[in-house]
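J.: Curious how this folds, go ahead:
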Amino acid sequence: MPRKLREAPAERVFIDTNLFLRYLTNDQPEHADQVEKLLRRAAAGKVTLVTHVLVIAEIVWTLSSFYKLSREDIRDKIVAILNTDGIVIENANLILQAALTFADRNVDFIDAYTAAWCAAHAVPTVCTFDQAHFKRLLGVEPKLPSAI
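T.: Numbers count the residues shown, from 1 in each chain. Below you'll find the predicted structure:
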């Protein structure tokens with residue numbers, strides 16, 4: 001019986017914020033089309049796209065501040081990214097939790113991610129002057145520096 005040849009692993013390529021933004025907003029249709037083709041290649045296993053939480057945070061900030069999208073629309077776009085075949089994102093579970101919290105509890109995405117990260121790493125206390133946001137987050141207790 002002939003031996004089956006192994007396929008080479010797909011090339012890993014970092015995907016930056018601006019590609020996601022062009023695709024999600026379609027504000028530059030030529031760029032959006034290029035990104036769509038890349039996403040199709042990733043979904044087909046021809047390339048593996050990788051990114052990290054800082055890119056997601058920049059997407060959230062840009063969609064909120066520049067494009068003025070609602071928290072719910074932003075959450076939905078982040079969830080769509082997380083569920084896209086061919087994209088690998090470190091700590092995707094924490095990003096998902098942060099996206100849901102960002103929309104549901106009206107807090108900054110970074111604060112929501114920080115709370116999710118702290119809970120996942122057994123860090124129950126956040127030392128911060130930003131008491132208002134962190135008091136709305138589950139799983140962490142905000143404290144002022146003077147209370148530590």
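
J.: what pLDDT, on average, does the host helix or strand of Trp61 get?
T.: Trp61 belongs to helix 53-65 when assigned by DSSP states H and E. Regarding helix 53-65, the rounded mean pLDDT is 98.

J.: With stretch 97-110 instead?
T.: Mean predicted confidence for stretch 97-110 is 95.

J.: Then stretch 79-93?
T.: What stretch 79-93 shows for mean pLDDT is 96.

J.: start to end distance for that stretch?
T.: Stretch 79-93 has its terminal residues 10 Å apart, counting by Cα to Cα, to the nearest Å.

J.: Please settle this for me: is Thr48 part of a strand?
T.: Yes. Under DSSP: H, G, I helix; E, B strand; the rest coil, Thr48 sits within a strand.

J.: Could you give the bridge partners of it?
T.: Beta-bridge partners for Thr48, by DSSP bridges, are Arg12.

J.: which other residues reach the helix holding Trp61?
T.: 15-17, 20-21, 24-25, 69, 71, 73-74, 77-78, 81, 89-91, 94-95, 99, 102, 109-110, 113 (Cβ atoms under 8 Å, 6 or more residues apart in numbering). The way it works is simple: take the backbone N, C-alpha and C, and place the C-beta from them, glycine included.

J.: now the strands for this protein?
T.: Secondary structure of the chain, counting by DSSP state E: strands at 11-14, 47-51, 87-89, 125-127, 141-143.

J.: roughly how far apart are the residue minimising distance to the centre of the chain and Thr17?
T.: Geometric centre of the chain, nearest residue: Ile56, 3.6 Å, by Cα atoms, centre = their mean. Plainly put, Ile56 is 9 Å away from Thr17 if you go by Cβ to Cβ, to the nearest Å.

J.: swap in Thr84?
T.: Thr84 sits 15 Å away from Thr17 when distances are taken as Cβ to Cβ.
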